[in-house]
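Participant: 3D model of this:
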Amino acid sequence: MVIIFVSFIRMAHKKAAGSAKNLRDSNPKYRGVKLFGGQFARAGNIIVRQKGDTYHLGKNVYKGRDFTIHAAVDGVVYFRKKNVAKYNGRIYLETTVDILPIEQQASSSDKVATKTAKAKKPTATAATTKTVEKKEKKTPSKKPVAKKSAAKKTTSIKTTEKAAVKAVTTKKTVKAATPTKKKTMKTKPTATKKTTSPKKTTSTAKTSVPKKTSPKKAPPKK
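Facilitator: This next block holds a predicted model:
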């Protein structure tokens, strides 16, 4: 009797799935500053939507459960810097959000307007006094200008008369000096002839010099 043993091995029937870490997607939170400094805010409007206390609470402002800052009163948004003490005892410079009510803002604007008006008054008076002084200095200086112009005219007439007299005298002197120049021009060639004649005599004298002759030698004795 033959006994046959058959072993069955179980195999996988599914492929292994790949792993990924970036298959998550979340909805936007829309955080940031919604109303900036100088803008008008109604009571309950959102000024800043944030995560944590990056912006701190100031006056006429309250905070929601997700750290959003809301306006408690109708007014204008105002941001400022403030020293805030942390849990470790250190002091940090943080930004705070305030709301200036409309009544308070009107009173502050009136104060600023009165200060500027007071500051402008003395400057205006100083400017007017300077202009008046300049006009007073300029008015007396007009009369002497006419005298100077008249004096300039008389001097110009005198100078023209002197120039005319000089021109006449120069013409007379030129006429008197012209004949002397002609005489000098005639005498120049005679001087050159005298200077050339001695040179020729010297050349002849050199040629007339007799040559040295050597003495004849006597015949030898027997």
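Participant: ranges for the strands of the chain?
Facilitator: Applying DSSP state E to the chain gives strands spanning 32-33, 40-41, 46-49, 55-57, 61-63, 69-71, 75-85, 91-101.
Participant: and residue 164, which of the ones you listed is closest to it?
Facilitator: With CB to CB, the closest approach to residue 164 among those belongs to strand 75-85: 87.8 Å. (C-beta placed from N, C-alpha, C; glycine too.)
Participant: what is the mean pLDDT for the closest one?
Facilitator: Averaged over strand 75-85, pLDDT sits at 94.
Participant: Buried by neighbour count: which residues of it qualify?
Facilitator: Residues of strand 75-85 classed as buried: 75, 76, 77, 78, 79 (neighbour count, 16 or more other CB atoms under 10 Å).
Participant: same check, this time on stretch 88-108
Facilitator: Judged by neighbour count using 16+ other CB under 10 Å, the buried positions of stretch 88-108 are 96, 97, 98, 99, 100.
Participant: Let me see the contact set for residue 32.
Facilitator: 48, 49, 50 (CB atoms under 8 Å, 6 or more residues apart in numbering).
Participant: Out of the residues you listed, which is nearest to residue 161?
Facilitator: Of all these, the one sitting nearest residue 161 is residue 48; the distance, using CB to CB, is 94.4 Å.
Participant: ok, the closest one to residue 37 distance?
Facilitator: To residue 37, residue 48 is 12 Å away according to CB to CB, to the nearest Å.
Participant: Without its sequence neighbours, what residue ends up closest to residue 36?
Facilitator: Among residues not flanking residue 36 along the chain, residue 77 sits closest, at 6.6 Å (CB to CB, 6 or more residues apart in numbering).
Participant: Do I have it right that that neighbour meets residue 33?
Facilitator: No - in this structure residue 77 lies outside contact range of residue 33 using CB atoms under 8 Å: 9.2 Å.
Participant: Residues that sit against both of the two, list them.
Facilitator: By CB under 8 Å, 6+ apart, residue 77 and residue 33 have these common neighbours: residue 47.
Participant: domain ranges for the chain?
Facilitator: For the chain, the domain assignment from automatic domain parsing gives the residue ranges 29-139, 145-174.
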